[in-house]
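Novice: Below are the sequence and a predicted model; questions follow.
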Amino acid sequence: MKQRYFCLVLFLLCVSPAWAAEWVGNRFGVDVNVSARAEDDRDLGTRKGGDIHGLSLDLRPWVYFGSGAWSGFVMAQAVSATDGALPSVDFQDETRRSDSRTAKRNYLALRELWVGYSGLSAYPGEALRLGRQRLRDDGSGLWRDTSIEALAWNFDTTLLRAHLGVAERFSEYRSDIHDLAAEDKDRLHVFGDISRQWRPGHWLGFNFHHRRDHDKLKRPGETVDTLDKTRVGKLFWFGVHASSEAFTPRNDAALNYWTSAFWSGGERDRLTTATVGDHRIATGKRDDDVDAGWGVDLGLRWRFNAAGQVGIAYAHGNNDFQQTGLESNRSAFTGTRARPHRLGEAFRGELANLRVVSAFASWQVRDEYDINAIWHRFQRADGDQVIGGSAISAAMTNNDKDVGQEFDFVLSRYFRNGLLPAAISQAFDEPSAVVRLRGGVFWPGHAYGREVDSTMYRTTVDVMWRF
């Protein structure tokens, strides 16, 4: 592991002579975020405790360098929070599985550190980057939206968009967490997508993703803990999509749509274990070929005047489908900059053995306000199997397909538009200072049984400012 860090640092030092020339277009600043958070029991009252009420302060200093075809970007982070109140803008880790790692209330972190080169072609939208960087897909958030170490090539022109890269997480780069989650250890990602504008404002394209674990499972007789892998394999995803730039908030077309279909498959080995005393002991492994999974994401949005929009959406992932592990499931599907969670602000599900019907309305007043109201209905695709994951920790006690319903409300007030270099725009969730309320109320369905709370809520208030 240390050799990988050394190679990355060595590369950054090797390219530093290219930065020795006079820099042009340098930018630096700090993002300040103060969050208040209130959350009801994730376990729906099945265990004691679980409520979260607290505040957090999140400071993110950043520096951008640019000279000719070369560029570089660094973003650090300092967090101080009350118990359980991690920064609500850390969307990238919301659906990560729990393990024995404990996050502290105060920590330092490295968000991004990369160098870029845009001299491979004469196109202004082409760039190659190496280092820890923010990867984003076509805007849906269903494929990738996270910070990770990667070598990525981006090509963005008026008629053609393409991305290609490899990525692997080597560390969390946090002072309080020194180990990777089990699902991230020794896991290589190869990804790409291409889209073409076949007529003004309408795009067609496809995505692919390959995930390979190059670690081995524990051998029989060895002790297994929560940071050890229990599954390794080679999985692939392929998808096709068509849209009218529906995930672009400044799109003022009267009718917008998005439609995508995706498939997954591969092979996987599953670790078998037995409990001996207080320890879990490996007993062997079992071949677990992954059947072909599939999913869809469909949506239609109508703008009935300059400020207001209404729409419907449907997402479905069958029992054999799972997502890539780099997704956030956040997008501008309502037509505003707020990027609500596609599968509920409170529920925050994964698109695996899940179908979701949604209806929404949004209102945007110039660049000053936006309001989003969203209703979701969740069901299991297969009532005999568990869903892929969610923020709800309570177990489903029967084979009923009814997972529940949710109503979300997101209100934003923007104060100024900050102009950022195009090369680093993806590093920021907000291009301006903003005060935002995110709230979600979840009503559990029959799948959770009769002994759970009737509601669960999650509310955050963020005050973000860029200096």
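Specialist: Everything's here; your move.
Novice: Which strand or helix spans A162?
Specialist: Using DSSP states H and E, A162 falls within strand 160-168.
Novice: Give me the sheet partners of that strand and which way each runs.
Specialist: strand 145-156 (antiparallel), strand 187-199 (antiparallel) (DSSP bridges).
Novice: For that strand, what is the distance to the chain centroid?
Specialist: 16 Å (CA atoms, centre = their mean, to the nearest Å).
Novice: same thing with stretch 320-330?
Specialist: Centroid separation between stretch 320-330 and its chain, computed with CA atoms, centre = their mean, is 8 Å.
Novice: and if you look at stretch 190-208?
Specialist: For stretch 190-208, the distance to the chain centre is 20 Å (CA atoms, centre = their mean).
Novice: Repeat that for stretch 174-185.
Specialist: On CA atoms, centre = their mean, the centre of stretch 174-185 falls 17 Å from the chain's centre.
Novice: cool, and stretch 440-456?
Specialist: Relative to its chain's centre, stretch 440-456 lies at 25 Å (CA atoms, centre = their mean).
Novice: can you check stretch 366-379 too?
Specialist: Its chain's C-alpha centre and that of stretch 366-379 lie 18 Å apart, by CA atoms, centre = their mean.
Novice: again, but for stretch 64-80
Specialist: On CA atoms, centre = their mean, the centre of stretch 64-80 falls 21 Å from the chain's centre.
Novice: swap in stretch 111-126?
Specialist: Distance, stretch centre to chain centre, for stretch 111-126: 23 Å (CA atoms, centre = their mean).
Novice: about what we covered before: just name the most buried of the strands paired with strand 160-168.
Specialist: Stretch with highest mean neighbour count among the strands paired with strand 160-168: strand 145-156 (a mean of 20; mean count of other CB atoms under 10 Å). Glycine gets a C-beta too; all of them are placed from N, C-alpha and C.
Novice: For P444, find the nearest of the strands paired with strand 160-168.
Specialist: Smallest distance to P444 across the strands paired with strand 160-168 (CB to CB): 27.3 Å, for strand 145-156.
Novice: how about F247, phi and psi?
Specialist: The phi and psi torsions at F247 (degrees, to the nearest 10) take the values phi -90, psi 10.
Novice: Contact partners for it?
Specialist: Shown here is F247, whose contacts under the criterion CB atoms under 8 Å, 6 or more residues apart in numbering are 138-140, 258, 331-333.
Novice: Please report how far it lies from H163.
Specialist: F247 sits 15 Å away from H163, going by CB to CB, to the nearest Å.
Novice: Then Y123?
Specialist: Remark: distance between Y123 and H163 (CB to CB) = 14 Å.
Novice: And A306, by the same measure?
Specialist: 33 Å.
Novice: Which of the two has more residues huddled nearby?
Specialist: H163 (21 against 9; other CB atoms under 10 Å).
Novice: contacting residues for the more buried one?
Specialist: 137, 152-155, 191-194.
Novice: Next: G439.
Specialist: 345, 408-410, 457-460.
Novice: my read: K401 touches R380, true?
Specialist: Yes: if you go by CB atoms under 8 Å, K401 and R380 touch, sitting 4.5 Å apart.
Novice: anything in contact with each of the two?
Specialist: Counting by CB under 8 Å, 6+ apart, the residues touching both K401 and R380 are A447.
Novice: With neighbour numbers in mind, choose between those two.
Specialist: It is R380, of K401 and R380, that has more neighbours when counted by other CB under 10 Å, with 21 against 18.
Novice: gap between the residue in the chain sticking out farthest from the centre and G233?
Specialist: Among residues of the chain, the one most distant from the C-alpha centroid is G277; the distance is 38.3 Å, by CA atoms, centre = their mean. According to CB to CB, G277 stands 30 Å off from G233.
Novice: Repeat that for T157.
Specialist: T157 sits 36 Å away from G233, taking CB to CB as the criterion.
Novice: So which residues of the stretch 151-300 of the chain form strands?
Specialist: 160-168, 187-199, 202-213, 223-224, 231-243, 255-276, 279-287, 290-303 (DSSP state E, counting those that start in this stretch).
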